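Trainee: Can you look at this prediction? I've put the sequence above it.
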Amino acid sequence: MIWLLAAAASAGSCAAGDLEACAVDGGALLAEGKTAEALAILEPACDLGGMLACYNLAAEHMRNGRVEDALPHFERTCGAQLAIACADLGFIHATGAGVPRNPERGFELTEAGCQLGYAAACGEAGSMMVSGYGTDKDEKQAFKYMTSACLQRHASSCTKAAAMAEQGIGTEQDLDAAAAFYGSACDGADGTGCVNLATLENARERFDVALIAASRGCELGEGLACASVAMAHLRGRGAEEDRSKAKSFFEKACMAGYENGCKAVTELGSAPPPQP
């Protein structure tokens, strides 16, 4: 959950005193394993008030297990309303990652990260509200947080929002809404969302839609999704009936760790083909 803020290039120059550029340059050096060079940039930039530099320092300390060194930087950057810092600090307290576990403080900080606009924090706050961990159980508010995170393209939150809509948790049961949320999750490369969409649409006998979702999930390495594609070819649901293709996708399911896919490969290899 702790990330270096170093992916984007800065228009400015660290040498010219652009503190955001220093954060980017330092983060890039950390990613390359050039720790000493990175710290020589990040530490003075942080001292001068560069919050992104302070955050990258905190992330590096956490990566090396130096929680006591990371915490002051996380506290400072969260206090400066850096959303991701509040979310990470919430994670630390909620899980007891190097500090005494404090779910209530964890939720408070996670929710703060959400309110500051960090989508992943909204999803995590929603999960905590569903279970009542660190806060009162509130499924309706949890669904709102999940939906908010999904609208910000946080794919795993789309999957969670979909499951809530599918089961009628925190909202009225709505299979069309569930399918839409699962679709957003699948589009965002969340394999579980693809699998769940395929399962839902197969149950609704919308086999063509299910096949598209399962195919995407299989591309993402979800064994169950590959097995779903295999079944579509085996039964001719949403695809032409093709025993050879079915076996091929069961093999992919097996390679992805789906045990029943391995069994299906054996069964298809030993059973005689169906008579016309």
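Mentor: Nice, I can see it. Numbers count the residues shown, from 1 in each chain.
Trainee: mind pulling up the phi and psi values for Q173?
Mentor: Torsion angles at Q173 (phi, psi; degrees, to the nearest 10) stand at phi -60, psi 130.
Trainee: For it, grab the count of nearby residues.
Mentor: Here the number of neighbours of Q173 (other CB atoms under 10 Å) works out to 12. Where you see a C-beta, it was placed from the backbone N, CA and C, and this is true even at glycine.
Trainee: cool, the one 5 residues further on as well?
Mentor: A178 sits with 22 neighbouring residues when counted by other CB under 10 Å.
Trainee: residues contacting it?
Mentor: Contact analysis of A178 by CB atoms under 8 Å, 6 or more residues apart in numbering lists 162-163, 165-166, 200.
Trainee: out of those residues, which are inside helices?
Mentor: Judged by DSSP state H, the contacts of A178 include 162-163, 165-166, 200 as members of helices.
Trainee: and stretch 129-146, how far apart are its ends?
Mentor: Across stretch 129-146, the terminal residues are separated by 10 Å (CA to CA, to the nearest Å).
Trainee: how about it: buried residues?
Mentor: Neighbour counts over stretch 129-146 (16 or more other CB atoms under 10 Å) mark 129-130, 134-135, 138-139, 141-146 as buried.
Trainee: Where does the residue nearest to the spatial centre of the chain sit, in terms of helix or strand?
Mentor: When CA atoms, centre = their mean is applied to the chain, the residue found nearest the centroid is S156 (4.5 Å). Following DSSP states H and E, one finds S156 within helix 155-167.
Trainee: helices or strands up against that helix?
Mentor: Helix 155-167 is packed against helix 119-131, helix 139-151, helix 175-187, helix 191-203, with contacts defined by 3 or more CB pairs under 8 Å, 6 or more residues apart in numbering; DSSP states H and E.
Trainee: nearest to T35, of those?
Mentor: For the helices and strands packed on helix 155-167, the distance to T35 is smallest for helix 119-131, at 26.2 Å, taking CB to CB.
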